[in-house]
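A.B. asks: need coordinates for the below:
(chains A and B)
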Amino acid sequence: MKKYIMVATMLAALIPGLVIAGDSPAPDNAKAYLIWPKNGATIKGGKFWARFGLRNMGIAPAGIEKKFTGHHHMIIDAELPPFDEEIPADRNHVHYGKGYSEGRVKLAPGKHTLQLVFADHDHIPHNPPVFSKKITIYVPAN
Amino acid sequence: MKTITTSIALAALIFGGAAVAGDSPAPKNAYLYIGWPNNGEVIRNNNFRVWFGLRKMGIAPAGIEKRMTGHHHLIIDAPLPPMDEEIPADRNHLHFGKGQTETRITLPPGTHTLQLLLGDYEHVPHNPPMMSQKIIVTVK
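C.D. replies: Got it, this is the predicted structure:
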């Protein structure tokens, strides 16, 4: 019993210091994934519709606060942003705040990475954060 | 000019009488489709995933009024309901009011039809109504 209390105290001391996500909860079994393209895909011309997959959660447009909902963000050729801040909005971090479940993407020839991050009404990832695997795709030179 | 005025009056009369859709607008180029299964798919597991595809329009949970958004309804083994009324909620008309973009359903062996219909915050189809092709699947 004493041991459990010690562990619990230690955890409590550790966790407040370790900010890992925003305040909006996500179900433990929530999952974001790219339905298309597939990892390793070669896409001629570099223009395509990326299809966003989401399990055990729902979509709401940005600005709408509703439990277990959020909107998709696609990270292109970049690392995951911090999970306790608003996701940046630039050419490497595309927001789908209108509640889209697909996005038109245009990429230059070369190797690219794509990754989805789901985020709440304030564009901050959930707790636990819901993000897809990072995939690599190739756009051949013309 | 007179002809045009008459045509407009006639059109107003015709469309006024025949309620074909709800009041929430949808973009003319929006596109709703079933991503999986494909039409004609033979499915060997009676519990399977259905993936909802929507282009150029957004998802919002039921009850959230936001322009050019709606939520999915899956119509199973039934014709389209009236386009100017709330979509029924029963085993043939599944509502995805939490903003889901996919589901898992269980169907008995046999041939079934699936069709998606987008509804607005009040579960009424848009204007123009957004519906997918009706597909046929066979559960073995």
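
A.B. asks: so which bits of chain A are right by chain B?
C.D. replies: Listed as neighbours of chain B in chain A under the rule CB under 8 Å from any CB of the partner chain: A:35, A:49, A:51-55, A:57-61, A:64, A:66, A:68-69, A:96, A:98-102. C-beta coordinates here come from the backbone N, C-alpha and C atoms, glycine included.

A.B. asks: list buried residues within the residues you listed.
C.D. replies: The neighbour count (16 or more other CB atoms under 10 Å in any protein chain shown) marks A:35, A:51-55, A:57-61, A:64, A:66, A:68-69, A:96, A:98-102 as buried among the residues of chain A next to chain B.

A.B. asks: for the residue positioned nearest the centre of chain A, give me its contacts.
C.D. replies: In chain A, the centroid-proximal residue (CA atoms, centre = their mean) is A:V117; its distance is 0.7 Å. Residues near A:V117 by CB atoms under 8 Å, 6 or more residues apart in numbering or on different chains: A:32, A:72-75, A:80-81, A:87, A:125, A:129-132.

A.B. asks: what's the closest of the residues you listed to chain B?
C.D. replies: A:H72 (9.5 Å; CB to the nearest CB).

A.B. asks: which SSE is that closest one in?
C.D. replies: In the assignment (DSSP states H and E), A:H72 maps to strand A:69-76.

A.B. asks: so how far is the helix or strand following that strand off the chain centroid?
C.D. replies: Using DSSP H and E, the helix or strand that directly follows strand A:69-76 along the chain is strand A:93-95. Counting by CA atoms, centre = their mean, to the nearest Å, strand A:93-95 is centred 10 Å from the centre of its parent chain.

A.B. asks: check what contacts the helix or strand just after strand A:93-95 and list those residues.
C.D. replies: Once the chain leaves strand A:93-95, the next helix or strand it forms, by DSSP H and E, is strand A:102-106. By CB under 8 Å, 6+ apart, the surrounding residues in contact with strand A:102-106 are A:46-52, A:72, A:74, A:76, A:94, A:96, A:114, B:53-55.

A.B. asks: buried ones from the residues you listed, can you make that a ChimeraX selection?
C.D. replies: Buried residues within the contacts of strand A:102-106, by 16+ other CB under 10 Å, are selected in ChimeraX with:
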select /A:46,48,50,51,52,72,74,76,94,96,114 /B:53,54,55
